[in-house]
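**Student:** Fold the following.
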Amino acid sequence: MSVRRSIAIRDGYIQAAGAKIYFKSLGRGPALVALHGGPGADHGDFLPYLRPLARRNQLILIDERGSGRSERLHDPRKYTLDAMVGDLCCVRKAFGLKRFALLGHSFGGILAQAYAVRFPKTLARLILAGTAHSAKIFDADFRRIRATLSPGVRARMTAFENRGIFRADGRYVRGYETLCSKILAPYMYFRPPPTAEPQPYVSGWEVLREMWVRRSDFRIDGNLKGLDFTSKLKTLTVPTLVVLGDHDIVSVASAKALAAVLPNAKLTVLSNCGHMMYIDQTRRFNNLVSEFFGSQQSVLAGDRQALEHTPGSVSMPKRAKEA
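**Tutor:** Here you go, the predicted structure:
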């Protein structure tokens, strides 16, 4: 007779460094904090795909400031990498974590690097997925993608950029998001997920505009312009897994360059896989993460769990009850 074990799930809010940060905690065990991309996306990108990791870990997901269910700020100048690192420190303290594992995907990988170089002693493991360590490298990969486009599509992109890509309400002008989505689709997913409609880029448009995109979706020209972790990463000895898909937005060459500057890094390239690797190759990605954490058995993405959800918002997380 099979036994179905339930996973305790809790959510709520933490008063962080000038913003209320939404969290969702799943399971028990060594803590794994996952940081979503964007900037301006939310923790929902990870679910249900990472849920099997909660069999042996406390999986902590957050919405970064200005994104998802976290607080929107009146002053967009407060959407900075340093402020988000401060938020993550508050999350760590609220959960009472002396050391934890940190997973960052895409922009979340940039945030994970920013945290790691400042607070390396608090990390047991670091996973950098589909990301790079400098704005210069990101921009080069965007130029590579743009160079593959037909002259007509490049001309449409240039026309949008010359006119301005944002409306008065802060969202992309009509047609620009659709065009970008079509261009990036082959790099986002190796096999598109079975959704009826394309999903929107982000929930936090103010964050995206302030930090990443001002005039073009194909280069970093927000306040992350000029970002470069190269020298600081050379001193980071935390065991690190660099992982990406072979059809990723980030090139294999860029991932190799990231792994090369880290003294204690392992690089894994997942075949038949795009940028959203945990969707394209859910089981392989979860097995890879689990093995990197030193689990005795692989985590199976297809394992069925009974889920208990404790609703409600709290200012500080309490110990989860056993489900």
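**Student:** now do the same end-to-end measure for stretch 164-174.
**Tutor:** Distance across stretch 164-174, first residue to last, is 11 Å (Cα to Cα, to the nearest Å).
**Student:** list the buried ones in that stretch?
**Tutor:** Ile165, Phe166, Arg171, Tyr172 (16 or more other Cβ atoms under 10 Å). For the C-beta atoms, the positions are set from N, CA and C on the backbone; glycine is no exception.
**Student:** ok, so what distance separates the last one from Trp205?
**Tutor:** Read it as Tyr172. Separation of Tyr172 from Trp205 (Cβ to Cβ, to the nearest Å) stands at 8 Å.
**Student:** how near is the closest residue in space to Thr80 that isn't next to it in sequence to Gly130?
**Tutor:** Once flanking residues are discounted, Thr80 sits nearest to Asn223: 6.2 Å by Cβ to Cβ, 6 or more residues apart in numbering. Distance of Asn223 to Gly130, computed by Cβ to Cβ: 21 Å.
**Student:** More neighbours: those two, which one.
**Tutor:** Gly130 (29 against 16; other Cβ atoms under 10 Å).
**Student:** Now do the same contact list for the more buried one.
**Tutor:** Neighbouring residues of Gly130 by Cβ atoms under 8 Å, 6 or more residues apart in numbering: Gly37, His105, Ser106, Gly109, Val243, Leu244, Gly245, Asp248, Ile249, Val250, His275, Met277.
**Student:** Looking at it now. What's its pLDDT?
**Tutor:** pLDDT, Gly130: 98.
**Student:** next one: Thr310
**Tutor:** Model confidence at Thr310, given as pLDDT, is 34.
**Student:** and the nearest residue to Met277 once chain neighbours are set aside, bridged to which residues?
**Tutor:** Nearest non-adjacent residue to Met277, counting by Cβ to Cβ, 6+ apart: Gly245, 4.7 Å away. Gly245 has these beta-bridge partners by DSSP bridges: Leu270.
**Student:** Just the terminal-to-terminal distance for stretch 55-69.
**Tutor:** 25 Å.
**Student:** ignore the last one, stretch 18-33
**Tutor:** End-to-end distance for stretch 18-33, by Cα to Cα: 20 Å.
**Student:** Pull out the buried positions in it.
**Tutor:** Those would be 19-28, 30-33, for stretch 18-33 by 16+ other Cβ under 10 Å.
**Student:** residue contacts, Pro76?
**Tutor:** Counted by Cβ under 8 Å, 6+ apart, Pro76 has contacts Glu206, Val207, Arg209, Glu210.
**Student:** and it, what pLDDT?
**Tutor:** So, for Pro76, pLDDT stands at 95.
**Student:** Could you do Leu81 as well?
**Tutor:** Looking at Leu81, its pLDDT stands at 98.
**Student:** Would you confirm that it contacts Leu224?
**Tutor:** Yes: using Cβ atoms under 8 Å, Leu81 is in contact with Leu224, at 6.8 Å.
**Student:** give me the low-pLDDT residue ranges for the stretch 151-300 of the chain?
**Tutor:** 193-201, 295-300 (pLDDT under 70).
**Student:** ranges for the helices of it?
**Tutor:** With helices called from DSSP state H, counting those that start in this stretch, the stretch 151-300 of the chain shows them at 151-163, 176-188, 205-211, 230-233, 252-261, 277-280, 282-292.
**Student:** Okay, and Leu103 sits in which element?
**Tutor:** When elements are assigned from DSSP states H and E, Leu103 belongs to strand 100-105.
**Student:** Mind giving me the packing neighbours of the following helix or strand past that strand?
**Tutor:** Toward the C-terminus, strand 100-105 is succeeded by helix 107-118 as the next helix or strand (DSSP H and E). If you count contacts as 3 or more Cβ pairs under 8 Å, 6 or more residues apart in numbering; DSSP states H and E, helix 107-118 packs onto strand 31-35, helix 81-94, strand 100-105, strand 123-129, helix 230-233.
**Student:** Now do the residue nearest to Thr80 against Cys180, distance only.
**Tutor:** For Asn223 relative to Cys180 (Cβ to Cβ), the value is 21 Å.
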